[in-house]
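K.L.:
here is the input, now give the coordinates:
(one chain, ligands or ions: 2)
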Amino acid sequence: MQVRVLEADFSSLKPHWAENKEFAQLYNAASICPAILEPYLVKVMTAAKKVLPAKFEKMHEDVRVFTLQEMQHCKQHILFNKMIRTAYPDIEPFEKAYAADYERFLKTRSLQFNVAYSEGFEAMSAIPTTCFFEDFDDYWAGSDPRAETLWKWHLAEEYEHREVMHDLYAALYGRGPIAYAYRIYGFFFATWHINKYISAIGKLLLAKDRENMNADELAASKAREKVIGKLALKHALRHLRKIISPFYDPSKRQPPRGVMEILAVSNPVVPLPGAFAA
Ligand SMILES: [Fe+2]
Ligand SMILES: [Fe+2]
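P.N.:
Numbers count the residues shown, from 1 in each chain. Ligands and ions are numbered 1, 2, ... in the order given. So this is what the prediction gives:
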C-alpha cells in the first residue's frame, strides 16, 4: 500500500458532469458519503491502532497508510462536493445530520461497534467498486474525466482497504461466533445507515432537476434512474454471499478489471491511464 496524491482540479466542474444526468446526480449523492464518513474512519482507525498490540507490526503500518489514504480521499471529495452544495444548498441539513451521527457513534458507542461499522463499510464498498470498473463504461464515455478519475482512484485504493479492516477487526476481536455475529451486525447497520443518507440526498438532487420537466422528460428520467439502480445492484448478491460467510476472507478476492493498473500509478493525474472505455 502507498499514499497516492490525486492531481485534479474540480473548480470548474458542474453537477451534471455526465451526459446521463441521473448518473451524475446519483454519484454526486454518493460522493457526500466519503467526505463525511472518511474523517470518522480515520478517528476509528487511530483509536483502534492505540489498542492494537505492538506484535502486529505490519498491521500497524497498513493502518497508518490506510488513514493517510482516507485523508486524501475525503480531501478530494470535499473539493468535488463544493459544486454540488453550491448548486443544491438544500443538501446541507442532510450532511449535518449525517456528520452528527458519526460524532455520536464516536462518543457513545464502543470501539468494537465503530470498528465493525468501518469493516462493514469497507466490505460493502466491493459492490460499487465492481460496477465503477466493469459496468459503467458507457456512462464514463460521456462523462467529464475528472469525475471518472476521482472515483476510480478512490475505489482502487478502497480495494486494498477491505483486507486491512478485516484483519484489524479479527486482531482486536477474534474470529469466534460472537465476533462474527457483531461483524455481520456492523455490516448491515453500516449499509443501512450509509444508504439512508445517500438515497435521501440522491432523491433531493433528482427532484430538483425534475421540477421543470414535462411528463415525457420525467418518464425518461425515471427510466434512466431505474437502469442505473439495477446496474448498481448487479453484483450485490455475489458480494453479499462472500461477506456474510463466517469464512469471508477479502485477501482471496479478485480485483475488478482495471484496478491493478491504477494501483500501479504513484500519483494519478486526470485522466487516469486506461481509465476510459475502449
Ligand atoms: Fe476512501
Ligand atoms: Fe477505505
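K.L.:
after the helix or strand hosting residue 178, next one along is what?
P.N.:
Using DSSP states H and E, residue 178 sits within helix 177-210. Proceeding N to C from helix 177-210, the next assigned helix or strand is helix 215-232, under DSSP H and E.
K.L.:
for the nearest residue to residue 133 once chain neighbours are set aside, the count of nearby residues, please.
P.N.:
Leaving aside its sequence neighbours, residue 133 sits nearest to residue 256 (CB to CB, 6 or more residues apart in numbering; 3.9 Å). C-beta coordinates here come from the backbone N, C-alpha and C atoms, glycine included. Neighbourhood size, residue 256 [other CB atoms under 10 Å]: 19.
K.L.:
what about residue 256, is that helix, strand or coil?
P.N.:
Look at residue 256: counting by DSSP: H, G, I helix; E, B strand; the rest coil, its state is coil.
K.L.:
grab the nearest non-local neighbour of the residue of the chain found nearest ligand 1.
P.N.:
Scanning the chain for proximity to ligand 1 using CB to the ion identifies residue 73 as nearest, at 3.5 Å. Spatial nearest neighbour of residue 73, chain neighbours left out: residue 154 (5.0 Å); criterion: CB to CB, 6+ apart.
K.L.:
do residue 71 as well
P.N.:
Sequence neighbours aside, residue 42 is the residue nearest to residue 71 in space, at 6.1 Å (criterion: CB to CB, 6+ apart).
K.L.:
quickly find the element holding the one you found.
P.N.:
For residue 42, the host element (DSSP H and E) is helix 21-51.
K.L.:
just checking, what packs against that helix?
P.N.:
Helix 21-51 is packed against helix 57-87, helix 92-108, helix 111-124, helix 145-173, helix 177-210, helix 215-232, with contacts defined by 3 or more CB pairs under 8 Å, 6 or more residues apart in numbering; DSSP states H and E.
K.L.:
could the ones you listed go into a markdown table alongside distance to residue 35?
P.N.:
As requested, these are exported to a markdown table (distance: least, CB to CB, whole Å):
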| stretch | distance to residue 35 |
| --- | --- |
| helix 57-87 | 4 |
| helix 92-108 | 8 |
| helix 111-124 | 14 |
| helix 145-173 | 11 |
| helix 177-210 | 11 |
| helix 215-232 | 20 |
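K.L.:
which one of those lies closest to residue 242?
P.N.:
helix 111-124 (8.6 Å; CB to CB).
K.L.:
other SSEs contacting that closest one?
P.N.:
Secondary elements touching helix 111-124 (3+ CB pairs under 8 Å, 6+ apart): helix 21-51, helix 92-108, helix 145-173, helix 177-210, helix 236-243.
K.L.:
between the ones you listed, which gets the lowest average pLDDT?
P.N.:
Mean pLDDT is lowest for helix 236-243 among those, at a mean of 88.
K.L.:
ok, and for it, which residues are buried?
P.N.:
The neighbour-count check on helix 236-243 (16 or more other CB atoms under 10 Å) flags 236, 239, 240, 243 as buried.
K.L.:
dump those residues into CSV; add distance to ligand 1 as well.
P.N.:
Below are the buried residues of helix 236-243 laid out as CSV (distance: CB to the ion, whole Å):
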residue, distance to ligand 1
236, 20
239, 17
240, 21
243, 18
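K.L.:
and the furthest pair within those residues?
P.N.:
Within the buried residues of helix 236-243, 236 and 243 form the most distant pair, 10.1 Å apart (CB to CB).
K.L.:
which positions in this protein make contact with ligand 2?
P.N.:
158, 161 (CB under 5 Å from the ion).
K.L.:
hmm, back to that, I'd assumed residue 128 was in contact with the residue nearest to residue 133.
P.N.:
No: judged on CB atoms under 8 Å, residue 256 makes no contact with residue 128 at a distance of 10.3 Å.
K.L.:
hang on, residue 56 packs against residue 171?
P.N.:
Yes: checked against CB under 8 Å, the pair residue 56 and residue 171 is within contact range at 5.5 Å.
K.L.:
quick one: contacts for the closest residue to residue 5 other than its chain neighbours?
P.N.:
Residue nearest to residue 5 in three dimensions, not counting chain neighbours: residue 267, with 5.0 Å by CB to CB, 6+ apart. The contact partners of residue 267, taken as CB atoms under 8 Å, 6 or more residues apart in numbering, are 4, 5, 6, 7.
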